[in-house]
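A.B. asks: next input, structure requested:
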Amino acid sequence: MSKRENNAIKLLETLRDGRWHTTHSLSQRAGLRFGARLHELRARWRIDVVKRSTGEDTWEYRWVDVESIKQSVISAAREVGALKQPQPIEPRQLALVD
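C.D. replies: Model prediction:
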């Protein structure tokens with residue numbers, strides 16, 4: 001395994017907890033070129049990583065598991081009755097009316 005691949009794996013292992021990580025901590029864990037590794041993860045594996053500013057020239061990064069969030073929102077909406085279970089369409093509903 002190349003150093004580049006190894007650093008990409010280290011970056012992924014760090015971000016998978018879903019918490020915010022500083023630029024400093026990511027560069028220590030995955031190398032100074034962690035931004036390039038991050039770009040590869042986004043492009044190759046469609047990993048959604050967001051960043052936010054924490055002050056002057058300081059950033060934090062977090063992996064967002066979009067599918068997990070989407071399923072949580074759908075489940076919560078169904079629990080409170082805001083989203084109904086899909087109902088099957090009956091053939092008579094498809095009949096054309098003149």
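
A.B. asks: so where do the helices sit in the protein?
C.D. replies: 3-15, 23-30, 34-45, 66-79 (DSSP state H).

A.B. asks: so which of these comes closest to Ser53?
C.D. replies: helix 23-30 (10.6 Å; Cβ to Cβ). Just so you know, the C-beta spots here come from the backbone N, C-alpha and C atoms, and that holds for glycine as well.

A.B. asks: enumerate the positions of that closest one that are buried.
C.D. replies: 23, 26, 30 (16 or more other Cβ atoms under 10 Å).

A.B. asks: which strands or helices does it pack on?
C.D. replies: helix 3-15, helix 34-45, strand 58-63 (3 or more Cβ pairs under 8 Å, 6 or more residues apart in numbering; DSSP states H and E).

A.B. asks: again, 10 Å this time
C.D. replies: Under the contact criterion of 3 or more Cβ pairs under 10 Å, 6 or more residues apart in numbering; DSSP states H and E, helix 23-30 touches helix 3-15, strand 21-22, helix 34-45, strand 58-63.

A.B. asks: hey, C-alpha coordinates of it in PDB?
C.D. replies: Written as PDB, here are the backbone C-alpha positions of helix 23-30 (Å, rounded to 0.1, in the frame of the first residue of the first chain):
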ATOM      1  CA  THR A  23      -7.100  21.100  10.200                       C
ATOM      2  CA  HIS A  24      -4.200  20.600  12.600                       C
ATOM      3  CA  SER A  25      -5.400  17.300  13.900                       C
ATOM      4  CA  LEU A  26      -6.100  16.000  10.400                       C
ATOM      5  CA  SER A  27      -2.700  17.000   9.100                       C
ATOM      6  CA  GLN A  28      -1.100  15.300  12.100                       C
ATOM      7  CA  ARG A  29      -3.000  12.100  11.400                       C
ATOM      8  CA  ALA A  30      -3.100  12.000   7.600                       C
END
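
A.B. asks: angle of that helix against helix 3-15?
C.D. replies: 130 degrees (axes from the mean of the first three to the mean of the last three Cα atoms, to 10 degrees).

A.B. asks: hmm, who's touching helix 23-30?
C.D. replies: By Cβ atoms under 10 Å, 6 or more residues apart in numbering, the surrounding residues in contact with helix 23-30 are 6-15, 21-22, 32-38, 51, 54, 57-61.
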